[in-house]
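# One predicted model, sequence on top.
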Amino acid sequence: MEQAFFLLLSAVAVGAGLLVVIARDPIHSALALVACLVQIAALYVLLGAPFLAVIQIFVYVGAVMVLFLFVIMMLDVRKEAQARFLPKAPLPGLIVLVILAGELIFLLLQSARLHAVMGPGQPVSEQPPVAELSLLLFQEYLLPFEVASVILLVALIGAVVLARSDEADKNAAQRKAPRGAAR
Amino acid sequence: MEYVLALLPMLVKMAIVVGVLLLLPLPLTWMERKIAAHIQQRPGPMRVGWHGLLQPLADALKLLTKEDHIPAEADRRLFAMAPVVALVPPFLVFTAIPFGEPVQVFGTEVTLMLSDMNVGLLFILAVSGIGVFGTILAGWASNSKYAVLGSLRSIAQMISYEIPMGFSVIGVVMLANSMNLSRIVAAQEDLWNVVVQPVGFFVFFIAGLAEAQRIPFDLPEAEGDLGAGYHTEYSGIRFSLFMLAEYLVVVMLAALNVLLFFGGWQGSPFFLPDTVWFLLKIGFFVWVFMWFRFTFPRYRYDQLMAIGWKVLLPLSLLNILVSGILML
């Protein structure tokens, strides 16, 4: 039963991932990405980590993808997105694809470290309590947590500064023009 | 065979929940029209059935038989997908909502909820957050300026109000020491959260109104300036799917208000079963939402954003701080 669900979810996830790349309309790509992320959240549920699944939906589907769609709709990037990234894309693209796929397959088959990570996990009998996670986050890993939040804050302020300076210039230009005309 | 037997209660519960939710908008539309009418001192629908009770059925027949119109410039696949996408999150939310204490049926214990998640509250907030995708799809696929404007407004509104909504329930989670909805209800056995967390309730209720896009926050479908907003181009059965989703969101918010702040099924008078009492409370909140709709005017767009970011967000943060200090 669990395996059947895993196969279903991962098949849909891979299909949606392909669609992200293939779709011509950026909105369709973004929606396929949404579908892919939801499947991954479902996989987390299957692994017995509902908290992670909910956060995945919250952050990626609910916030990041909505912002993506918002930007795509505001900017109307349909034409730009259809222009080819490389003029003669198929051949170099194919070569890079083969190399990357080869590396991945090699790693999966050979790497001892990867197998050490993926080693047989303990079956999850009960839903792990959220309290433990918060204790880890706010006691043992407090410093990385705080550093990450500061980095995010800096990025936020940087974005605001970049957006504001543009707007201030534009407003100044707009304000000057009518005054000159009146005189 | 044993496997099927183990799944049977779950299937029955799912069938009941889905069936009730699908039929619920019929009485709710009648209720909404009657409330509107009586607030405005007119009788409302009177002709189809006793006091217009069969009016929703007549409306449903009309919507089903209407022409299914798709604009020529529309993105046909997305246009067809949007109403279904809008319908999924409200149904999904009800998998995590408990309807009462576990009961004994034929000697086995049956929980009155579909899935007892330890992060139930978080799940509900996350899933109701993805409800915006139906609106985005509808607005984009219609390829019409009113629809796009409506869906842009609705995205901005839902992103802004999700934040105070999420923060306002943190006080409740702190009091209950759990994000499990059954435990939150159990924690309110002596005192309902609305007494301890009045600010949390205030913020949650208003943010909920905005999330459901009901008056006074219904700017995405302001009929005066946007036609009908994101569903301007929809007709017939597809339109009615959007209406179904909207009513379900209202019921979901009423249920959340009751579960988080009004003690869920606690405090039932001696003659009422817990579940009935819980449903009555939900009905009361649905009525409050409808009463608001015909009492308040609509906010302007900048006022909407100012309320969300400058009033509700600081209030909800302050609420967390004060509850934390008091609990320590």
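Arrived safely.
# Quick one: residues contacting the residue in chain A positioned nearest to chain B.
Chain B sits closest to residue A:62 of chain A, with a gap of 3.7 Å, by C-beta to the nearest C-beta. Heads up, the C-betas are built off the backbone N, CA and C, glycines and all. Shown in contact with residue A:62 (C-beta atoms under 8 Å, 6 or more residues apart in numbering or on different chains): B:126, B:129-130, B:132, B:162.
# near chain A, from those?
Of the residues in the contacts of residue A:62, proximity to chain A by C-beta under 8 Å from any C-beta of the partner chain holds for B:126, B:129-130, B:132, B:162.
# Most widely separated two among the residues you listed?
B:126 and B:132 (12.0 Å; C-beta to C-beta).
# Ramachandran coordinates for residue B:105?
Residue B:105 adopts backbone torsions of phi -130, psi 120, taken as degrees, to the nearest 10.
# which residues touch the closest residue to residue B:26 other than its chain neighbours?
Excluding its sequence neighbours, the residue lying closest to residue B:26 (C-beta to C-beta, 6 or more residues apart in numbering or on different chains) is residue B:56, at 4.1 Å. Counting by C-beta under 8 Å, 6+ apart, residue B:56 touches B:25-27, B:29-30.
# right, and residue B:53 touches residue B:30 too?
Yes - here residue B:53 reaches residue B:30: they are 6.5 Å apart, a contact under C-beta atoms under 8 Å.
# need the residues of chain A near chain B, please.
Within reach of chain B by C-beta under 8 Å from any C-beta, chain A has these residues: A:25, A:27-28, A:31, A:34, A:50-51, A:54-55, A:57-58, A:61-63, A:66-67, A:69-70, A:73-74, A:127, A:129-130.
# Show me just the buried residues among these.
A:27-28, A:31, A:34, A:50-51, A:54-55, A:57-58, A:61-62, A:66, A:69-70, A:73, A:130 (16 or more other C-beta atoms under 10 Å in any protein chain shown).
# Nearest the middle, which residue of chain A would you pick?
Closest to where the C-alpha atoms of chain A average out (C-alpha atoms, centre = their mean) is residue A:60, at 6.1 Å.
# Report pLDDT for that residue.
If you check residue A:60, the pLDDT there is 88.
# ok, which stretches of the stretch 101-250 of chain B are helices?
Remark: helices assigned in the stretch 101-250 of chain B by DSSP state H, counting those that start in this stretch are B:120-129, B:132-142, B:145-168, B:170-176, B:181-187, B:193-196, B:198-211, B:223-226, B:236-261.
# For the closest residue in space to residue B:279 that isn't next to it in sequence, what are phi and psi?
Using C-beta to C-beta, 6+ apart and skipping residues adjacent in sequence, the residue nearest residue B:279 is residue B:99, 7.7 Å away. Per-residue torsions, residue B:99: phi -110, psi 0 (degrees, to the nearest 10).
# which residues does residue B:99 contact?
B:112-113, B:265, B:275, B:278-279.
# now swap in residue B:94 and tell me
Per C-beta under 8 Å, 6+ apart, neighbours of residue B:94: B:17, B:21, B:114, B:252.
# Farthest-apart pair in these, please.
Farthest pair in the contacts of residue B:94 (C-beta to C-beta) is B:114 and B:252. Separation: 13.8 Å.
# who's more crowded, those two?
residue B:252 (26 against 18; other C-beta atoms under 10 Å in any protein chain shown).
# Quick check: chain neighbours aside, which residue is closest to that one?
Per C-beta to C-beta, 6+ apart, closest to residue B:252 is residue B:93, 5.0 Å.
# Now that neighbour: phi and psi?
For residue B:93, the backbone dihedrals (degrees, to the nearest 10) come out as phi -60, psi -40.
# One more: the one 5 residues further on?
In terms of degrees, to the nearest 10, the main-chain angles of residue B:98 are phi -80, psi 150.
# now it: how far from chain A?
Distance of residue B:98 to chain A, computed by C-beta to the nearest C-beta, to the nearest Å: 16 Å.
# List the single closest residue to that residue in space, sequence neighbours excluded.
Excluding its sequence neighbours, the residue lying closest to residue B:98 (C-beta to C-beta, 6+ apart) is residue B:113, at 4.0 Å.
# same question, residue B:81
Excluding its sequence neighbours, the residue lying closest to residue B:81 (C-beta to C-beta, 6+ apart) is residue B:137, at 6.1 Å.
# Name all residues that make contact with the one you found.
Residue B:137 neighbours (C-beta under 8 Å, 6+ apart): A:31, B:78, B:81-82, B:85-86.
# May I ask which helix or strand of the chain has the lowest mean pLDDT?
Answering for chain A, as no chain was given. helix A:78-82 (a mean of 63; mean pLDDT, DSSP states H and E).
# To clarify, I was referring to chain B.
In chain B, the helix or strand scored least confidently by mean pLDDT, DSSP H and E is helix B:223-226, which has a mean of 68.
# what does the stretch 151-300 of chain B put close to chain A?
Within the stretch 151-300 of chain B, the positions near chain A by C-beta under 8 Å from any C-beta are B:151-152, B:155-156, B:158-159, B:162, B:179.
# starting at the chain centroid, how far to stretch B:32-43?
Here stretch B:32-43 is found 22 Å from its chain centre; the criterion is C-alpha atoms, centre = their mean, to the nearest Å.
# Alpha carbons of that stretch, as CSV, please.
C-alpha atoms of stretch B:32-43 as CSV (Å, rounded to 0.1, in the frame of the first residue of the first chain):
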residue,chain,number,x,y,z
GLU,B,32,-28.0,34.0,3.1
ARG,B,33,-30.8,35.3,0.9
LYS,B,34,-33.3,35.2,3.8
ILE,B,35,-30.9,37.0,6.2
ALA,B,36,-30.2,39.6,3.5
ALA,B,37,-33.9,40.1,2.9
HIS,B,38,-34.9,40.4,6.6
ILE,B,39,-32.1,42.8,7.3
GLN,B,40,-33.4,44.9,4.4
GLN,B,41,-37.0,44.5,5.5
ARG,B,42,-38.3,42.5,2.5
PRO,B,43,-39.5,38.9,2.4
